[in-house]
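Participant: sequence and predicted model, in that order:
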Amino acid sequence: MSREYPRYPLVGVGAIVIKDNKILLIKRGAEPNRNKWSIPGGMVEAGEDPRDAVLRELMEETGVLGRVLGLFGIYQYVERDHEGKVKYHFLLLDYIVEPIGGEPRASSDALEVRFFDLSEALRLDLTDTTRQLIQDLLNSGLRPCGGGLIKYVNTEPRRLI
């Protein structure tokens, strides 16, 4: 199925990687939202578990190995064309992922990869869903703990559709 003008919403995943109280972001190299910053992620392949997909996409885009800690939230992205037809429609499962290896480097469709303070990240040209995600992270009750990781305080997804 084509990503543009899909018949049904497509399922994607995103990796929320926090290290030293900073979030890992990529500058997107493909549409939609080319040149905007977002969390690493991509599409779930047929037959693939979303938790495996998020780790695969994280590695492909950034070179970072991770371990899924839990689902943070479910977000939706819908973009319409000038005629009002749905051009893109994604349901995005965003997971908290602990980095366990590798060094961040841009690859796959990422133009750039960097860690940002959450408040600093809000000043970037972000995708709409990433902006909402970062706002939700700041309001979530997640707290820094040893090693700069985030301790998951609430196991319920933050943003349901």
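Facilitator: All right, it came through fine.
Participant: need the longest helix for this structure.
Facilitator: Using DSSP state H, we find that the single longest helix of the chain is helix 50-62.
Participant: next SSE after it?
Facilitator: Remark: after helix 50-62, the chain's next helix or strand is strand 65-80, criterion DSSP states H and E.
Participant: buried residues in the following helix or strand past that next one?
Facilitator: Using DSSP H and E, the next helix or strand after strand 65-80 towards the C-terminus is strand 86-101. Within strand 86-101, the residues that count as buried by 16 or more other C-beta atoms under 10 Å are 87-99. C-betas here are computed from N, CA, C, even on glycine.
Participant: closest to residue 70 among those?
Facilitator: Using C-beta to C-beta, residue 96 is the member of the buried residues of strand 86-101 that lies nearest residue 70, at 5.4 Å.
Participant: list of residues touching stretch 38-49?
Facilitator: Residues outside stretch 38-49 that contact it (C-beta atoms under 8 Å, 6 or more residues apart in numbering) are 3, 10-17, 23-26, 28, 50, 53-54, 56-58, 60-62, 64, 92-94, 109-110, 113, 126-127, 129-130, 133.
Participant: wasn't residue 115 part of a strand?
Facilitator: Yes: the assignment for residue 115 is a strand, going by DSSP: H, G, I helix; E, B strand; the rest coil.
Participant: just use 45 as the starting number from now, easier for me
Facilitator: With the count now opening at 45, the last piece we talked about shows up as residue 159.
Participant: pretty sure it contacts residue 66?
Facilitator: Yes: Residue 159 lies in contact with residue 66 (C-beta atoms under 8 Å); the separation is 3.9 Å.
Participant: circling back to that earlier point, who's in contact with the longest helix of the chain?
Facilitator: Residues contacting helix 94-106 (C-beta under 8 Å, 6+ apart): 55, 57-59, 61, 68, 70, 84-89, 92, 108-112, 137, 139, 141, 146, 148-154, 157.
Participant: can you flag the buried ones in these?
Facilitator: Among the contacts of helix 94-106, those classed as buried by 16+ other C-beta under 10 Å are 57-59, 61, 68, 70, 84-86, 88, 108, 110, 112, 137, 139, 141, 148, 150, 153-154, 157.
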